[in-house]
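[1] Would you be able to build a 3D model of this:
(chains A and B)
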Amino acid sequence: MKRLVAAIALAFAAGPALAIDFGKIIDIGRQAVQQPSAKEFTQEDEIALGEAATASFLGASPLHKDASLQRYVNRVGKWVALHSDRTDLPWTFSVIDTETINAFALPGGSIIVSSGLLKRLASESELAGVLAHEIAHVVKKHQLKAIQSGMQADFWKNVGTSVAADRVKIGGGAVGSTVGNMAKPYILDAAGNLIKDGFFLRPLDRGLETEADQLAIVLATRAGYDPYGLVGALQMLAQFKGGGDAASIFSTHPSATDRIAELEKFVPTMESYTKQPQLLEARFKQNVK
Amino acid sequence: MRLAATLLVALLALASSAWAQDQAFTNRATELKEKGDAQSKTVASLAGNTAVKVLGRGGAYTQVEANGQKGWVRAFHLRFPAAIEKGESGGGLASLTSMFGGGREQKQATIGTTGIRGLSPEDLKNAAPDAAALAKAQSYRSDKPTAERFAREGKLADVKVDYQEGGRK
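    Numbering: from 1, shown residues only, chains lettered A, B, ... in the order given. From the prediction side, this is the model:
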């Protein structure tokens, strides 16, 4: 940062010959605003990208075998997601069988949560808070926007061309899949490259985490849960040295403690809305053993 | 004898881990309330940095034991120190950092001692996409009527919350 400031100072000190062409920057900015749809994934492509990435994650870390646990987490997640602006996504919540503590979101409504994390939560309201945080990343398209901005120009020549015949099967064609698990080859290529690059494992920007935390509190509150669920989950997380570096709920920056401090300004404002906020500790303990 | 010593060490480790998970400190001077609401009687005044034992998380107030007295403290008035080492408390945490980030984290992942593998960028890179597992995961999806029934069973009622988000919808 200091170096950048120094470079800018130098540029100005050197006189008009090196001065930045602000007019040109504004022009470029204006073009980007005028053509927002030119470089955006369709929802169908977003879902296919998320499904392809999920298949890779499940290839690396197996799905938990407890079907009733999977259905339970899907019900909590779906109920929370129904209170978001993207109720039309095929929301899928997958519990992976690992002691590692983790949860993260993939584009198109695919959320992955580890059994190690579930075991350390105290109630369904904490689970709802964690899932709501991941749902918020999807609703706000945090990862998708980063992917879109990183794609090379030639990639976008293909996007939006929907050639039905030119598709590749990625899943088992499960009932309810909006895209029928058929993806365009360039989406699969993109997913493959993002996986190899480690994109889905990298933490998001601090501001995006704060945004996801706040929207998470709103979604959980709308769904009738105790607004403090995510706070409890973050307090559990704060106790682990190093804090973890997972893509979403565990990003190192900001730390869990910083995120709790940030939420202190926000969560109490939800209390005026709540009627009978639920913790549902007993139901959680019945389902998560 | 050696077995007894091993058992003792194991028990101590377990006890310290359990202690660590219940341990918190007040992060400012605050009040210990009789019940979990602002209107209830104040049982004691707690100075900042008072050690408390957490008896249960949930809601605006957390049930604690402080200076031998039980009561409730505002959740935001508690600090949870990073006390649990990765690899402690049942394993798996050694791989906590394995999932993410650059070289430093990857190095940590390789020294995990629990024998439970995390999900490193390398694991992911080398994994073959599992289409059958994806289909299985999708078969567990909930539909709207099921989620609504589930919510009713848990007495989860819709709450209308306007979300301004700094002026943006």
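[2] For my notes, confirm residue A:94 occurs in a strand.
    Yes: according to DSSP: H, G, I helix; E, B strand; the rest coil, residue A:94 belongs to a strand.
[3] Strands along chain A, start to end?
    Using DSSP state E, the strands found in chain A span residues A:92-96, A:103-106, A:110-114, A:168-169, A:182-183.
[4] Save those as JSON lines, and put in distance to residue A:144 and mean pLDDT too.
    Where you see a C-beta, it was placed from the backbone N, CA and C, and this is true even at glycine. Shown next, in JSON lines, are those (distance: least, C-beta to C-beta, whole Å; pLDDT from 0 to 100):
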{"stretch": "strand A:92-96", "distance to residue A:144": "16", "mean pLDDT": "97"}
{"stretch": "strand A:103-106", "distance to residue A:144": "10", "mean pLDDT": "88"}
{"stretch": "strand A:110-114", "distance to residue A:144": "12", "mean pLDDT": "95"}
{"stretch": "strand A:168-169", "distance to residue A:144": "20", "mean pLDDT": "60"}
{"stretch": "strand A:182-183", "distance to residue A:144": "15", "mean pLDDT": "66"}
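[5] Indicate which one of those strands is closest to residue A:203.
    Proximity to residue A:203 (C-beta to C-beta) singles out strand A:103-106 among the strands of chain A, at 10.0 Å.
[6] Pull the residues that contact that closest one.
    By C-beta atoms under 8 Å, 6 or more residues apart in numbering or on different chains, the residues outside strand A:103-106 that reach it are A:49-50, A:53-54, A:57, A:111-114, A:117, A:130-131, A:133-135, A:137-138, A:142-143, A:200, A:246-250.
[7] How about residue A:192, nearest residue that isn't a chain neighbour?
    Distances taken as C-beta to C-beta, 6 or more residues apart in numbering or on different chains place residue A:52 nearest to residue A:192, at 7.4 Å, with adjacent residues excluded.
[8] wait, doesn't that neighbour sit right on residue A:186?
    No: using C-beta atoms under 8 Å, residue A:52 is not in contact with residue A:186; the gap is 11.3 Å.
[9] now residue A:135: how far from residue A:129?
    Applying C-beta to C-beta, to the nearest Å, the value for residue A:135 to residue A:129 is 11 Å.
[10] so what sits against both of these two?
    Contacts common to residue A:135 and residue A:129, judged by C-beta under 8 Å, 6+ apart, are residue A:216.
[11] can you give me the strands for chain B?
    Remark: strands assigned in chain B by DSSP E are B:23-26, B:30-33, B:42-46, B:51-56, B:61-66, B:69-74, B:78-79.
[12] JSON lines for the ones you listed, including mean neighbour count and distance to chain A?
    Listed next are the strands of chain B as JSON lines, based on neighbours: other C-beta atoms under 10 Å in any protein chain shown; distance: least, C-beta to the nearest C-beta, whole Å:
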{"stretch": "strand B:23-26", "mean neighbour count": "20", "distance to chain A": "8"}
{"stretch": "strand B:30-33", "mean neighbour count": "20", "distance to chain A": "13"}
{"stretch": "strand B:42-46", "mean neighbour count": "15", "distance to chain A": "17"}
{"stretch": "strand B:51-56", "mean neighbour count": "16", "distance to chain A": "7"}
{"stretch": "strand B:61-66", "mean neighbour count": "20", "distance to chain A": "8"}
{"stretch": "strand B:69-74", "mean neighbour count": "19", "distance to chain A": "9"}
{"stretch": "strand B:78-79", "mean neighbour count": "20", "distance to chain A": "7"}
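[13] Out of those strands, flag the one nearest residue A:214.
    Of these, the one closest to residue A:214 (C-beta to C-beta) turns out to be strand B:69-74, at 19.4 Å.
[14] which outside residues touch that closest one?
    B:26, B:30-37, B:40, B:43-44, B:46, B:52, B:55, B:60-66.
[15] Show me which helix or strand of the chain is least confident by mean pLDDT.
    In the absence of a named chain, chain A is used. helix A:2-13 (a mean of 41; mean pLDDT, DSSP states H and E).
[16] The intended chain is chain B.
    Per-SSE averages on chain B (mean pLDDT, DSSP H and E): minimum helix B:103-110, a mean of 30.
[17] What segments of the stretch 151-289 of chain A are helices?
    Ranges of helices in the stretch 151-289 of chain A, per DSSP state H, counting those that start in this stretch, are A:185-197, A:206-222, A:229-238, A:256-263, A:281-287.
[18] Tell me which of the ones you listed is the most buried.
    helix A:229-238 (a mean of 26; mean count of other C-beta atoms under 10 Å in any protein chain shown).
[19] Show me how far that one is from its chain's centre.
    Distance of helix A:229-238 from the chain centroid (C-alpha atoms, centre = their mean, to the nearest Å) equals 18 Å.
[20] same for that helix, what does it pack against?
    When contacts are defined as 3 or more C-beta pairs under 8 Å, 6 or more residues apart in numbering or on different chains; DSSP states H and E, helix A:229-238 sits against helix A:124-139, helix A:206-222, helix A:256-263.
[21] model confidence over the longest one, on average?
    Per-residue confidence for helix A:206-222 averages out to 93 on the pLDDT scale.
[22] Quick one: neighbours of residue 140, just the number.
    I'll assume chain A. 19 (other C-beta atoms under 10 Å in any protein chain shown).
[23] not quite, I wanted chain B
    There are 21 residues near residue B:140, going by other C-beta under 10 Å.
[24] Now do the same contact list for it.
    A:67, A:70, A:71, A:74, A:92, A:93, A:94.
[25] repeat that with 6 Å
    A:70, A:71, A:74 (C-beta atoms under 6 Å, 6 or more residues apart in numbering or on different chains).
[26] excluding its backbone neighbours, what's nearest it?
    Residue B:140 sits nearest to residue A:70 (C-beta to C-beta, 6+ apart), 4.0 Å away.
[27] any chance of the helices of the stretch 151-289 of chain A in JSON lines, plus distance to residue A:86?
    Shown next, in JSON lines, are the helices of the stretch 151-289 of chain A (distance: least, C-beta to C-beta, whole Å):
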{"stretch": "helix A:185-197", "distance to residue A:86": "19"}
{"stretch": "helix A:206-222", "distance to residue A:86": "11"}
{"stretch": "helix A:229-238", "distance to residue A:86": "19"}
{"stretch": "helix A:256-263", "distance to residue A:86": "23"}
{"stretch": "helix A:281-287", "distance to residue A:86": "25"}
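[28] Residue A:269: which of these is closest?
    helix A:206-222 (9.0 Å).
[29] and the closest one with chain B, contact?
    Yes: applying C-beta under 6 Å from any C-beta of the partner chain, one finds helix A:206-222 touching chain B at A:218, A:221, A:222.
[30] helices and strands around that helix, which ones?
    helix A:124-139, helix A:256-263 (3 or more C-beta pairs under 6 Å, 6 or more residues apart in numbering or on different chains; DSSP states H and E).
[31] ok, and what's touching it?
    A:80, A:83-84, A:128-129, A:132-133, A:136-137, A:142, A:227, A:229-230, A:251, A:253-254, A:259, A:262-263, A:266-267, A:270, B:159, B:161, B:163.
[32] now do stretch B:153-167
    Contacts for stretch B:153-167 (C-beta under 6 Å, 6+ apart): A:218, A:221, A:222, A:224, A:273, A:278, A:280, A:283.
[33] go on, stretch A:65-85?
    Taking C-beta under 6 Å, 6+ apart as the rule, stretch A:65-85 contacts A:91, A:93, A:95, A:127-128, A:131-132, A:135, A:139, A:219, A:222-223, A:287, B:140-142, B:147, B:150-151.
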